[in-house]
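Enquirer: Return a 3D structure for these sequence lines:
(2 chains)
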There are 2 protein chains.
Amino acid sequence: MFSFKIEKKIDGALGRAGVISTPHGDIQTPAFIVVGTKATVKALTPEQISELGAQAVLANTYHLYLQPGDEIVAKAGGFPAFMNWQGPTFTDSGGFQAFSLGAALGHGISKLSKGDEAVETRGESEHVEHLRAKIDDEGVTFKSVIDGSTHHFTPERSMQIQHNLAADIIFAFDECTSPTASYDYQKVAMNRTHAWAERSLAEHKRLGGEQALFGIVQGGRYRDLREESARAIGAMDFPGFGIGGSFDEQDLGTAVAWVNTILPEGRPRHLLGIGEPEDFFTGIENGVDTFDCVAPSRMARNGSLQTKRGRINVLNSGYREDFSPIEEGCRCYTCRNYSKAYLAHLFRAKEMLAGTLATIHNLYFSVNLVKEIRQSIVDGRFAEFKEEFLAHFNSKAEAQA
Amino acid sequence: MFSFKIEKKIDGALGRAGVISTPHGDIQTPAFIVVGTKATVKALTPEQISELGAQAVLANTYHLYLQPGDEIVAKAGGFPAFMNWQGPTFTDSGGFQAFSLGAALGHGISKLSKGDEAVETRGESEHVEHLRAKIDDEGVTFKSVIDGSTHHFTPERSMQIQHNLAADIIFAFDECTSPTASYDYQKVAMNRTHAWAERSLAEHKRLGGEQALFGIVQGGRYRDLREESARAIGAMDFPGFGIGGSFDEQDLGTAVAWVNTILPEGRPRHLLGIGEPEDFFTGIENGVDTFDCVAPSRMARNGSLQTKRGRINVLNSGYREDFSPIEEGCRCYTCRNYSKAYLAHLFRAKEMLAGTLATIHNLYFSVNLVKEIRQSIVDGRFAEFKEEFLAHFNSKAEAQA
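Expert: Down below sits the predicted model:
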């Protein structure tokens, strides 16, 4: 039931427009996949998700495993049925959150984070306060963010949970390393990811069913590791791939190109957790087909709204009496029906509708931008569209009101 | 543009089915009017409000005056345009909240509240900590719940603000007394309400426009005061009426009947702030045409969901694996598409969609119950429907899951 068809390529680049077919419908690619962490895209109904143009939803295995539990979700018929979403779906492997959200545990190769900065350590770790998870070749042991209870994920367990969650596209269990990891550690983690990919595949085949399992390429910022990982994962029997790990912003395109030059051309590639407008262009030009990222919806809930000239914060006092939409010409539900003054009021009054309307706008912005990029590929004018868009866009500066 | 037509009466009772016509459409009465305090029905879009069957929205003058301010709302074209609601609208007078939410002030006849219990005092009050508002014949002085700043409402000011807010139906400025007020104080307050009604009418006429101004009957639990108030307000040039004040639960029907026997039959009557299922039957039987109440939506946001057998709390652990809807046979959007297990998950995970789905169900329940009562009047079987419904209904007990 799963297939991928390339419709048109970007001249002289790795990028392409295509269609992923799943048992729950097609995804026109490139596409931005909206995140529904706990079987809900925060503040939106499934009808609102459809109306803003989203084609597919990605839920997080880690979160649903902990709450309400994958067995309850299985009894509901899977997370798409649970949340009443009719279209295509993804779940991630659960690895990234287990590593990054797990609580302090004893020995092993571990990661910890101080604020936004990720730090990686190895070996004995009893004396480090913020240790989050213990990783070994078998899997990862972590503590729940909800109640501190101890849990163990392995490639087999991740497959079993993802089969319970029942998304169309699922991911092999991988180790997502810290951006600060050393070359030596990246290599250890990459080899473990490859061994876990084989175990994920075997367990997935044993469990049966129609879900498409994507393998994940790792290797950090190192060209030889990224290429080795793309060769190893690309040679396995996966119908599609994820590109994992952290990147330096300026090197994203280079790293993605290393990988996508090697991965089999006829299978789709998902860039995990990336969602800035500039990164869409970079990723797509270098052969990425789908993206997911929580940033647009998370920013929305804080009043930070995306426009073609960059972000604006609707709580700035200048918008209190601004009766124009967030962005003139935007065709999203929010811009067609509400003013910045109304949004400013809802945010100040801490009304729940603020989150709904802002999320609709920001997700529409990301989903629609990737659709416009797709159309530019189909029309053979990707380079022009990219230049045009980026000339006006500045994600750092407040747009002029 | 405003009119009211009676279609059918209940045999041997004051109740009737009718139609209120406003510049923004008709309201089939009896009707439950949903509350959109700050120009938003909490957690819902206007499309969701329409889809659940609500015909009209009532916003609170006090809240919009304080935030974002009625002048900003006026610049937006009124609260209905601000929130993008196309149908009929109401605003209340602002009096009730000014009295009940105002902060400590000096001299005068004042009210205070300790927890849920309302207490009323007169005269000097500097030594009472929780004093909320100062009332005299001119108007009410109160402190903002948002920033403690001092504000003054008079009948004239209430009219000016309600003209800025631009609802189809607005209310005369009244004094809503405490349930514990003495007979003597109720009489003072009632006479003040009558004088304020005349001043509201005069200012409303001076301001002009198409809004329909309803007068408010007060008089507490005292038959002679209620009847005197109905005669006085009923004789004024109001196209409709509000019935204000508090009631003892068991005396609601009696008090409403005293008033509605006297008020001119051909004009609609709104029972302010009442919304329990039993009270719908009592009010309607005794001649009430419209109701508003925050209870259904407030309860919804706490997980307390209305069914024809009483309320259930969806956070009870028995619902974690209950994949049936809140109520079998309910045609609301939530019950057609989601299980109690999904709602239980959303509430536990503190997801915003929990409030949306629960609010849709509870508002549908109230709106639809009043519609069913209307149909029973049209079909000449009000008494049977009332008996049938109340035999199963118990608002105090948890329904069997």
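
Enquirer: in what helix or strand does the residue of the stretch 151-300 of chain A found nearest chain B lie?
Expert: Going by C-beta to the nearest C-beta, chain B is nearest to A:Ser297 of the stretch 151-300 of chain A, at 10.9 Å. C-beta coordinates here come from the backbone N, C-alpha and C atoms, glycine included. Element membership of A:Ser297, judged by DSSP states H and E, is helix A:295-301.

Enquirer: So in that sheet, which strands flank the very next helix or strand once past that helix, and in what orientation?
Expert: Sequence order places strand A:304-307 as the next helix or strand after helix A:295-301, per DSSP H and E. Sheet pairing here is set by DSSP bridges, and for strand A:304-307 it gives strand A:310-313 (antiparallel).

Enquirer: Just list what the helix or strand that the strand it pairs with is followed by packs against, helices and strands only.
Expert: Counting by DSSP H and E, the element after strand A:310-313 in chain order, helix or strand, is helix A:333-337. On a contact count with 3 or more C-beta pairs under 8 Å, 6 or more residues apart in numbering or on different chains; DSSP states H and E, helix A:333-337 meets helix A:352-378.

Enquirer: Is any residue of the helix it packs on near chain B?
Expert: Yes - applying C-beta under 8 Å from any C-beta of the partner chain, one finds helix A:352-378 touching chain B at A:352-353, A:355-357.

Enquirer: Dump those to TSV, plus pLDDT.
Expert: Listed next are those as TSV, based on pLDDT from 0 to 100:
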residue	pLDDT
A:Met352	98
A:Leu353	98
A:Gly355	98
A:Thr356	98
A:Leu357	98
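
Enquirer: List the contacts of the residue in chain A sticking out farthest from the centre.
Expert: Here the centre of chain A is the reference, and by C-alpha atoms, centre = their mean the most remote residue is A:Glu321, at 36.0 Å. Applying C-beta atoms under 8 Å, 6 or more residues apart in numbering or on different chains to A:Glu321 gives the contacts A:341, B:72, B:75.

Enquirer: tell me the mean pLDDT for the helix or strand hosting A:Phe99?
Expert: Assigned by DSSP H and E, A:Phe99 falls within helix A:95-101. What helix A:95-101 shows for mean pLDDT is 80.

Enquirer: tell me which parts of the stretch 201-350 of chain A are close to chain B?
Expert: Residues of the stretch 201-350 of chain A lying close to chain B (C-beta under 8 Å from any C-beta) are A:320-321, A:323, A:337-339, A:341-342, A:344-346, A:348-349.

Enquirer: again, only this time at 7 Å
Expert: A:320-321, A:323, A:337-339, A:341-342, A:345-346, A:348-349 (C-beta under 7 Å from any C-beta of the partner chain).

Enquirer: Out of those residues, which comes closest to B:Gly253?
Expert: When those are compared for distance to B:Gly253 (C-beta to C-beta), A:Ala349 wins out at 36.5 Å.

Enquirer: residues near that closest one, how many?
Expert: Using other C-beta atoms under 10 Å in any protein chain shown, A:Ala349 is surrounded by 20 other residues.

Enquirer: Take the residues of the stretch 201-350 of chain A next to chain B and lay them out in a markdown table including pLDDT.
Expert: Shown next, in a markdown table, are those (pLDDT from 0 to 100):
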| residue | pLDDT |
| --- | --- |
| A:Arg320 | 98 |
| A:Glu321 | 98 |
| A:Phe323 | 98 |
| A:Asn337 | 98 |
| A:Tyr338 | 98 |
| A:Ser339 | 98 |
| A:Ala341 | 98 |
| A:Tyr342 | 98 |
| A:His345 | 98 |
| A:Leu346 | 98 |
| A:Arg348 | 98 |
| A:Ala349 | 97 |
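
Enquirer: Just the buried ones from these, in PyMOL syntax?
Expert: Burial among those is assessed by 16 or more other C-beta atoms under 10 Å in any protein chain shown; the matching PyMOL selection reads:
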select buried, chain A and resi 320+321+323+338+339+341+342+345+346+348+349
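
Enquirer: start to end distance for stretch A:374-388?
Expert: Distance across stretch A:374-388, first residue to last, is 15 Å (C-alpha to C-alpha, to the nearest Å).

Enquirer: Would you mark the buried spots in that stretch?
Expert: Neighbour-count burial for stretch A:374-388 [16+ other C-beta under 10 Å]: A:374, A:376-377, A:382, A:385-386.

Enquirer: where does chain A have low pLDDT?
Expert: Along chain A, segments meeting pLDDT under 70 span A:102-132, A:394-401.

Enquirer: How is it divided into domains?
Expert: Listed domain ranges for chain A are A:3-293, A:305-392 (source: automatic domain parsing).

Enquirer: Go ahead and measure how far the first one is from the middle of the chain.
Expert: What it means is domain A:3-293. In terms of C-alpha atoms, centre = their mean, to the nearest Å, the centre of domain A:3-293 is found 7 Å from the chain centre.

Enquirer: quick revisit: isn't the residue of the stretch 151-300 of chain A closest to chain B up against A:Ala358?
Expert: No - the pair A:Ser297 / A:Ala358 is not scored as a contact, 8.6 Å apart, by C-beta atoms under 7 Å.

Enquirer: thinking again about what came up before, can you confirm whether the helix holding A:Phe99 lies near chain B?
Expert: No - Helix A:95-101 lies out of reach of chain B by C-beta under 7 Å from any C-beta, never closer than 14.5 Å.

Enquirer: helices or strands next to that helix in the packing?
Expert: In terms of contacts (3 or more C-beta pairs under 7 Å, 6 or more residues apart in numbering or on different chains; DSSP states H and E), helix A:95-101 is packed against helix A:61-66, strand A:131-135, strand A:140-143.

Enquirer: who's in contact with that helix?
Expert: Outside helix A:95-101, the residues within contact range by C-beta atoms under 7 Å, 6 or more residues apart in numbering or on different chains are A:60, A:62-63, A:111, A:113, A:132-133, A:135, A:140, A:142, A:145, A:153, A:173-176.

Enquirer: let's see it at 8 Å
Expert: Contact with helix A:95-101 is made by A:60-63, A:111, A:113, A:118, A:132-133, A:135, A:140, A:142, A:145, A:151, A:153, A:158, A:173-176, A:244, A:272-273, as judged by C-beta under 8 Å, 6+ apart.

Enquirer: Spatially, what comes nearest to the closest residue to chain B within the stretch 101-250 of chain A if we skip its sequence neighbours?
Expert: Closest contact between the stretch 101-250 of chain A and chain B, by C-beta to the nearest C-beta, is at A:Ile146 (9.2 Å). Using C-beta to C-beta, 6 or more residues apart in numbering or on different chains and skipping residues adjacent in sequence, the residue nearest A:Ile146 is A:Leu66, 5.5 Å away.
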